[in-house]
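Engineer: next come a sequence and a model predicted from it.
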Amino acid sequence: MSLTARPKGRRLDPIEAFEVTPWRALALFRIATLVYAIILIAHNTERYPQPLAAWIVAGVMTVWSGLTVLGYEQPRWRAWPLLLMDLVVTAACVLATRPIVGVDLLAVGVPTLTITWMACPVLAVAVVKGIRWGIAAALVIGVCDLAVRGTVTQVTVTGTAILVMAAAALGYLGNIATRPMEASVVFDTDGQQQTAELRLHLATGDLLVAGGEAADHRTALDRAEEKLRKQLEKASARPRRSRPSGVNPT
């Protein structure tokens with residue numbers, strides 16, 4: 001007699017997993033980079049001109065990390081208000097490095113207070129708003145980082161270049177969320193009329209349904225396709241959601 005263990009927890013369907021997974025990965029990245037930043041602050045704190053201020057910044061980073069992890073878990077909060085606040089708080093922590101760490105230590109290679117934690121809002125913007133806004137956010141944070149370092153070299157620009165490339169990669173992932181994942185067409189006859197129905201399941205969880213009637217199936221399909229195209233345009237303009245909300249009928 002053999003027993004098979006069942007996996008614990010609720011299994012996500014593919015569409016829900018597509019939307020949820022980036023945010024869980026980003027939460028893990030935010031926590032990991034926070035821990036790394038705190039370790040380096042603890043290692044260098046005795047060298048800082050303002051050690052107490054460094055720990056205040058670390059405290060702000062810790063609190064804000066907790067708030068954003070919880071905030072981005074809620075689909076309704078994945079919008080510009082939280083994204084902008086994330087960018088502002090992160091930029092402030094980056095800029096605080098110069099007076100706290102000091103120009104002399106920065107010149108000999110001591111890292112900024114945020115280290116890789118500064119990438120978190122850039123990745124969040126890229127996932128929600130796509131490639132262009134993700135790259136814009138990367139440039140904003142990158143400029144703050146360069147301003148703190150006070151010099152532009154191949155080494156200092158590398159951080160900004162990595163941010164831009166990461167934003168482009170995750171922005172692409174966010175953009176394909178509005179592309180179809182599954183499509184079907186159903187032909188039928190209703191009295192003297194021929195009907196065609198198109199069903200399009202998007203990665204966002206939206207199910208778009210459009211129907212058409214005509215004297216022949218070809219014309220009915222063309223009419224259904226025209227209606228579906230209008231629905232796709234509306235779906236692309238709406239904020240993305242993480243859970244299916246039902247059928248969007250015509």
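Structural biologist: Good, I have the coordinates. Residues are numbered from 1 along each chain as shown.
Engineer: let me see the backbone angles for the residue of the chain most remote from its centre.
Structural biologist: Residue farthest from the centre of the chain, counting by C-alpha atoms, centre = their mean, is residue 192 at 49.8 Å. Backbone torsions of residue 192, given as degrees, to the nearest 10, read phi -90, psi -10.
Engineer: give me the nearest residue to it, chain neighbours excluded.
Structural biologist: residue 215 (7.8 Å; C-beta to C-beta, 6 or more residues apart in numbering). Using the backbone N, CA and C atoms, a C-beta is placed for each residue, glycine as well.
Engineer: phi first, then psi, for that neighbour.
Structural biologist: Backbone torsions for residue 215, taken as degrees, to the nearest 10, come to phi -70, psi -20.
Engineer: how close does the spatially most central residue of the chain sit to residue 21?
Structural biologist: By C-alpha atoms, centre = their mean, the chain has its centre lying nearest to residue 127, at 2.4 Å. Residue 127 is 10 Å from residue 21, where distance means C-beta to C-beta, to the nearest Å.
Engineer: likewise residue 147?
Structural biologist: 34 Å.
Engineer: show me how the protein divides into domains.
Structural biologist: Residue ranges for the domains of the chain, per automatic domain parsing: 14-176, 179-248.
Engineer: do I have it right that residue 150 meets residue 106?
Structural biologist: Yes - Residue 150 lies in contact with residue 106 (C-beta atoms under 8 Å); the separation is 7.2 Å.
Engineer: contacts for stretch 37-49?
Structural biologist: 51, 54-55, 58, 61-62, 99-102, 105, 110-111, 113-117 (C-beta atoms under 8 Å, 6 or more residues apart in numbering).
Engineer: report the buried members of those residues.
Structural biologist: Among those, those scoring as buried are 54-55, 58, 61, 100-101, 105, 110-111, 113-117 (criterion: 16 or more other C-beta atoms under 10 Å).
Engineer: so can I have JSON lines of the residues you listed showing secondary structure?
Structural biologist: Converted to JSON lines, the buried ones among the contacts of stretch 37-49 look like this (DSSP: H, G, I helix; E, B strand; the rest coil):
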{"residue": "54", "secondary structure": "helix"}
{"residue": "55", "secondary structure": "helix"}
{"residue": "58", "secondary structure": "helix"}
{"residue": "61", "secondary structure": "helix"}
{"residue": "100", "secondary structure": "helix"}
{"residue": "101", "secondary structure": "helix"}
{"residue": "105", "secondary structure": "helix"}
{"residue": "110", "secondary structure": "coil"}
{"residue": "111", "secondary structure": "coil"}
{"residue": "113", "secondary structure": "coil"}
{"residue": "114", "secondary structure": "coil"}
{"residue": "115", "secondary structure": "helix"}
{"residue": "116", "secondary structure": "helix"}
{"residue": "117", "secondary structure": "helix"}
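Engineer: can you show me the helices along the protein?
Structural biologist: Shown for the chain, the helices assigned by DSSP state H span residues 14-44, 51-73, 80-95, 97-101, 103-107, 120-129, 131-149, 154-175, 217-237.
Engineer: now the first one: average pLDDT?
Structural biologist: Per-residue pLDDT values over helix 14-44 give a mean of 85.
Engineer: how many neighbouring residues does residue 37 have?
Structural biologist: 24 (other C-beta atoms under 10 Å).
Engineer: point out where the protein drops to low pLDDT.
Structural biologist: Filtered on pLDDT under 70, the chain yields the residue ranges 1-20, 174-182, 202-205, 235-250.
Engineer: could you measure from the closest residue in space to residue 77 that isn't next to it in sequence over to residue 30?
Structural biologist: Closest residue to residue 77 apart from its sequence neighbours, by C-beta to C-beta, 6+ apart: residue 71 at 4.5 Å. Applying C-beta to C-beta, the value for residue 71 to residue 30 is 11 Å.
Engineer: over to residue 106?
Structural biologist: For residue 106, the distance to residue 30 - C-beta to C-beta - is 24 Å.
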